[in-house]
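Sequence plus the predicted model coming up.
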Amino acid sequence: MSTKNLARNSLTNVAFLKKQDFTHLLKMTSAANSPSHPQIDLNALTNAIPSLTAAFCTSLAEAASVCLGNNDVPQPALMDLSGFQAKKYAITRLPVTPQMINTYNDLQVAAEYGAYGISFLIMQETLQFTVIEKSVKGTGFDYWLGDLNDPLFQNKARLEVSGILKGDNSQIKSRVKQKKAQTQVSSGEYPGYAAVIEFSSPQAVIERC
Amino acid sequence: MESIEEITTIHRKAMEYMDHSILAGLQGNSEVQQHSLREAFQLEKQAAEKVRQLVDFEPTRSILHRSAASLALKCLELREAEKLVSAALAGNPPDGIAGELRDLLEQVNFRRHLELRGISLSSNEFQLSLFGDSVGFGIAPSDQFVERVKDFRNMVFRTAERKQGEPFREKGRRRKKITDEMEFYISVPRAASFVVTFRLGSSDQLNIDGIGNPELILDEVFDGLQKLELSDMRSLKDQISDDAYFRNFVGLAKKIAPDGKNITGVGLTLVRNNQEQQLRINSHISKINLAEFPALEGGAKSELIIIKGFLKYADSTNSEKNVIQIIDENEKSHKISVPKGMMSDIVKPMYEEFVVVTGRKNGRVIELQAIEPDESLDENNL
């Protein structure tokens, strides 16, 4: 997050915000603070996935936090989930440090990694599915959800994830379509989920394929 | 054979190395990144080899092979990748994974075609490769090749004009100085898939007076195509802020991109700092429709319409208002306004052809968003 963006999150600098920005930000912040919304806390990601190293999970949480911070999203913020379930989450990010900004200076890459982190937490919260395995595929990974006691890659559901730093609905729809097409190649053989996370007005679209 | 638990342990260790590699890459430590990537590959290959005889242990067997082959490709171990994909396909992979394995094999093959194979390139040269069912060993259909060369040449000239700060030229010839100093030279084609070298400018000189540096123009084109390949339209718009140049670049890239049928891959190779830089342009670029990105165009979300018909009339006499007419199958004429950046390089080559037009309707005016040859007619004619 830039210095300017960090400053935006400080109440002392509220005067610099446009009126409509401030109203929107206030609405998102107060709604996210409501106790009725389930929480997605990126601080919890480090130790949330037993099959992945803590260092890797931390980096996913950092990447997601940088993307949210870059978009001036309040802390905590409301995030819509749609697709296989519809609900609203209050999402809490890590404090964004200059070192994190430096590490994730390629925000497209950060959006991809950040999307993985958020998707893992949502799949755990909604279906109690945990990422058990991953394998290398193309430029990234595909992740497999299921039970730790099953043999390697047996009885697992596949999770395809994509992140959009800042996009409109048509871009999100088009990305979901693309991810579903990738996942549906294997439909019938094992279940699959296609997840797209957008970071500017945070939303998650997760569809079962 | 070792137990599944042992294989699982090896695979998980491989994935840990892959995580190290990614983290090292993010921290800019390329030595650790490469070392960890190689360790991950060796371990994943071991895991794959240990399940190789278990032909019915699917999808585990094919997933491990695909994962190891993907790592081999990242390590540029093309032969290893080929062997791993072949071993996986020789078993009983599920249909979905089998499709992914075939895609991977195609990437391995295409990577071979992008290799320079002893050819040296100057900084103002690049290699163009075509790959696909209609491309033989050193031979390609002339229209598939010639049209792409024309489009690539236009893209380079337009980029040079943009970098010179010139407004988009809707008509008239380009400045002679640009034509002379950015002229395209082509080598004898080489057999691989179908590969040729192009040189930009008549010599190796780097700083051509008044025009700039051919190397920088090529880098600019390469960078833009890379962004399109990643579907990163927003960054591309940041790179090409002028609407006319932006539309023109995307339109030309769509024409250069493979059609996914006759041509499945178009590749570019440059050499920078003694390292080969390779870019594979995939067929999804040919499907990009700017109408799906209204925010980039700054336009309202007005109604999208699609018209199929014969491109009969093109009027560019008014530089502010280019117009075409499409005659549909019911002989009805549709007048369509063409925004800047599209008439000369994108629309004109399709004159008197059957086309599919995507437009935005604002009141009575339809504004062109995309125009493509009507491929359904080609299929019917087969």
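Happy to help now that I have it. Just so we're clear, the structure is a prediction, and the values are computed from it rather than from any experiment.

Please count neighbours and contacts with C-alpha atoms only from this point.
Noted.

what's the pLDDT at residue 25?
Since no chain was named, I'll use chain A. pLDDT recorded at A:Leu25 is 49.

hm, I was asking about chain B
pLDDT, read off for B:Gly25, is 84.

same question, the one 10 residues further on
According to the model's per-residue confidence, B:His35 sits at a pLDDT of 95.

just checking, it is part of a helix?
Yes - under the criterion used here (DSSP: H, G, I helix; E, B strand; the rest coil), B:His35 sits inside a helix.

Tell me the spacing between it and chain A.
17 Å (C-alpha to the nearest C-alpha, to the nearest Å).

Look at residue 105 and tell me its secondary structure.
All of this is about chain A. coil.

wrong one, chain B
Relying on three-state DSSP, one would call B:Leu105 helix.

Kindly report the same for B:Ser286.
B:Ser286 ends up helix, using three-state DSSP.

What residues does it make contact with?
B:Ala253, B:Lys254, B:Lys255, B:Ile256, B:Ala257, B:Pro258, B:Asp259 (C-alpha atoms under 8 Å, 6 or more residues apart in numbering or on different chains).

Now narrow these to whatever sits close to chain A.
When contact is defined as C-alpha under 8 Å from any C-alpha of the partner chain, the contacts of B:Ser286 do not meet chain A at all.

Among those residues, show me the least confident.
Lowest pLDDT among those: B:Asp259, 82.

so that residue makes contact with B:Ser283?
Yes - in this structure, B:Asp259 is within contact of B:Ser283 by C-alpha atoms under 8 Å, at 5.6 Å.

OK, contacts around whichever residue of the stretch 101-250 of chain B sits closest to chain A?
Residue of the stretch 101-250 of chain B nearest chain A, by C-alpha to the nearest C-alpha: B:Leu104 (7.6 Å). Residues counted as contacts of B:Leu104 (C-alpha under 8 Å, 6+ apart) are A:Gly138, B:Arg66, B:Ala69, B:Ser70, B:Val85.

Save these as JSON lines, and put in pLDDT, secondary structure and distance to B:Val356 too.
Below are these laid out as JSON lines (pLDDT from 0 to 100; DSSP: H, G, I helix; E, B strand; the rest coil; distance: C-alpha to C-alpha, whole Å):
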{"residue": "A:Gly138", "pLDDT": "71", "secondary structure": "coil", "distance to B:Val356": "33"}
{"residue": "B:Arg66", "pLDDT": "94", "secondary structure": "helix", "distance to B:Val356": "39"}
{"residue": "B:Ala69", "pLDDT": "96", "secondary structure": "helix", "distance to B:Val356": "40"}
{"residue": "B:Ser70", "pLDDT": "94", "secondary structure": "helix", "distance to B:Val356": "38"}
{"residue": "B:Val85", "pLDDT": "95", "secondary structure": "helix", "distance to B:Val356": "39"}
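
Now distance to B:Asp133 and neighbour count too, for those residues, in JSON lines please.
Formatted as JSON lines, these follow (distance: C-alpha to C-alpha, whole Å; neighbours: other C-alpha atoms under 10 Å in any protein chain shown):
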{"residue": "A:Gly138", "distance to B:Asp133": "22", "neighbour count": "17"}
{"residue": "B:Arg66", "distance to B:Asp133": "24", "neighbour count": "33"}
{"residue": "B:Ala69", "distance to B:Asp133": "23", "neighbour count": "34"}
{"residue": "B:Ser70", "distance to B:Asp133": "23", "neighbour count": "33"}
{"residue": "B:Val85", "distance to B:Asp133": "20", "neighbour count": "25"}
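
Specify which member of the residues you listed is nearest to B:Glu161.
Using C-alpha to C-alpha, the shortest approach to B:Glu161 within those belongs to A:Gly138, at 36.3 Å.

Which positions in stretch B:354-371 come out as buried?
For stretch B:354-371, a neighbour-count test (16 or more other C-alpha atoms under 10 Å in any protein chain shown) marks B:354-361, B:366-371 as buried.

how close does B:Met326 get to B:Thr358?
Heads up, residue B:326 is Ile, not Met. 12 Å (C-alpha to C-alpha, to the nearest Å).

Name the residues of chain B found near chain A, please.
So far as C-alpha under 8 Å from any C-alpha goes, chain B lies against chain A at B:4-5, B:8, B:12, B:15-16, B:19-20, B:23, B:26-27, B:58-60, B:63-64, B:66-68, B:70-71, B:94-97, B:99, B:104, B:292-293, B:295.

Need the residue closest to the centroid of chain B.
Residue closest to the mean C-alpha point of chain B, counted by C-alpha atoms, centre = their mean, is B:Ile281 at 1.8 Å.
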